[in-house]
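Asks: no letters, just coordinates:
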């Protein structure tokens, strides 16, 4: 089951770090790639691609001009989940979402989410009904969707690899080819 | 079991949004409060207190001058968990941490984490060994620590309350006293 993330309304000056964290969390918790709308941001894309080339895997990042078209096209291919604190609690929706084996687009809001997004989504899911962060909402959603198996995921072709330690840091670097 | 979060090395200009997201995630996923070191930031504190007064509960936020003293004092009161991608994977440590019923301080790095933190921590825990975000690492850690029960948590004295909807938004506001 491939999962992609769509970040709405990226503003480079204000959102660069949060969107970077969001995309890296998407990658670390098992999504296959991210799309974003708003303003194109080459440095965001470079940061994410650099992490991929250092730490492995095939996570993709792509700018999308038009959220409405992106979501509509996606609905022909799979299902759409919208993460929002106003939706139905995760613990009441996750089984149905897990049980549906089609590819999924997980839509994550930016500053102002157009009302139409709530109507286009197959599920509006609340990861708690409290204000917090799109980064935490996405990570806990993916962690529940993959039932923790994403924590064991290997990232192929990594140049760097952490060797877990009780104290301190150990990173193994593969020799350049 | 009370859980507090210590954010190291906050820099107001650069970190305001990420630290705000981190503290709100701490609150939403069941921590009792947050401390932070680095530069004091009144507007960060006000944002978090405003969320508390609107959305309820008793989450505290406090500036701490000196991380070394804060961690050392905490070690007389409970245990210290340090979240770092270089630590032992969550899935191998969480049972021991859950089984220990003392209060816990969850230390979350900023820009540069001093090596001494790894030695002071009772557990160095990796929420994946991949780079992502302190916000996602903290949320998934708390979600595992509380075994999902934090999703059902009620926040007392809330002025605003979400009424979950399949589509759209519904927020109930209590009348001012």
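Replies: Alright, I've got the coordinates. Since the structure is predicted, the reported quantities are computational estimates derived from the model, not experimental observations.
Asks: residue A:61 contacts residue A:23, correct?
Replies: Yes: Residue A:61 is in contact with residue A:23 according to CB atoms under 8 Å; the separation is 6.2 Å. All C-beta atoms are positioned from the backbone trio N, CA, C, and that covers glycine.
Asks: these two - which one has more neighbours?
Replies: Set residue A:61 next to residue A:23 and count neighbours by other CB atoms under 10 Å in any protein chain shown: residue A:23 wins out with 28 against 21.
Asks: identify the residues contacting the more buried one.
Replies: A:5, A:7, A:34, A:36, A:44, A:48, A:59, A:61 (CB atoms under 8 Å, 6 or more residues apart in numbering or on different chains).
Asks: shared neighbours, residue A:61 and residue A:23?
Replies: Counting by CB under 8 Å, 6+ apart, the residues touching both residue A:61 and residue A:23 are A:34, A:36, A:44, A:48.
Asks: including neighbour count, could those go into a markdown table?
Replies: Converted to a markdown table, the shared contacts of residue A:61 and residue A:23 look like this (neighbours: other CB atoms under 10 Å in any protein chain shown):
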| residue | neighbour count |
| --- | --- |
| A:34 | 27 |
| A:36 | 27 |
| A:44 | 23 |
| A:48 | 21 |
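Asks: for those residues, which one is nearest residue A:91?
Replies: Residue A:91 has its nearest neighbour among the shared contacts of residue A:61 and residue A:23 in residue A:34, at 25.3 Å by CB to CB.
Asks: for the closest one, give me phi and psi.
Replies: phi -130, psi 140 (degrees, to the nearest 10).
Asks: then residue A:111?
Replies: phi -50, psi -60.
Asks: how much space is there between the spatially most central residue of chain A and chain B?
Replies: The centroid of chain A falls nearest to residue A:26 when counting by CA atoms, centre = their mean (3.1 Å). Relative to chain B, residue A:26 is positioned 9 Å away (CB to the nearest CB, to the nearest Å).
Asks: what segments of chain A are helices?
Replies: Assigned helices in chain A, in chain order: A:12-28, A:42-55, A:67-77, A:90-99, A:115-120, A:134-145 (criterion: DSSP state H).
Asks: doesn't residue B:133 make contact with residue A:25?
Replies: Yes: Residue A:25 is within contact range of residue B:133, at 5.3 Å (criterion: CB under 8 Å).
Asks: per-residue confidence for residue A:176?
Replies: pLDDT recorded at residue A:176 is 64.
Asks: how about residue A:112?
Replies: 85.
Asks: picking that back up, let's have the shared contacts of residue A:61 and residue A:23 in JSON lines, adding pLDDT and distance to residue A:76.
Replies: Converted to JSON lines, these look like this (pLDDT from 0 to 100; distance: CB to CB, whole Å):
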{"residue": "A:34", "pLDDT": "98", "distance to residue A:76": "20"}
{"residue": "A:36", "pLDDT": "98", "distance to residue A:76": "21"}
{"residue": "A:44", "pLDDT": "98", "distance to residue A:76": "28"}
{"residue": "A:48", "pLDDT": "98", "distance to residue A:76": "26"}
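Asks: now, which of those sits nearest chain B?
Replies: Nearest to chain B among the shared contacts of residue A:61 and residue A:23 is residue A:48, at 10.4 Å by CB to the nearest CB.
Asks: my guess is residue A:86 meets residue B:166, correct?
Replies: No: contact criterion CB under 8 Å: residue A:86 and residue B:166 do not qualify, at 10.1 Å.
Asks: from the chain's centroid, how far away is stretch A:25-45?
Replies: 7 Å (CA atoms, centre = their mean, to the nearest Å).
Asks: quick one: buried residues of that stretch?
Replies: Using 16 or more other CB atoms under 10 Å in any protein chain shown as the test for burial, stretch A:25-45 gives A:25-38, A:41, A:44-45.
Asks: just for chain A, where's the confidence low?
Replies: A:175-177 (pLDDT under 70).
Asks: scan it for its longest strand.
Replies: The longest strand of chain A (DSSP state E) is strand A:79-89.
Asks: got the buried residues for that strand?
Replies: A:79, A:80, A:81, A:82, A:83, A:84, A:85, A:86, A:87, A:88, A:89.
Asks: quick check: residue A:19 touching residue A:45?
Replies: No: applying CB under 8 Å, one finds residue A:19 not in contact with residue A:45, separated by 10.3 Å.
Asks: leaving out the residues flanking it, which one is nearest to residue A:149?
Replies: residue A:30 (8.0 Å; CB to CB, 6 or more residues apart in numbering or on different chains).
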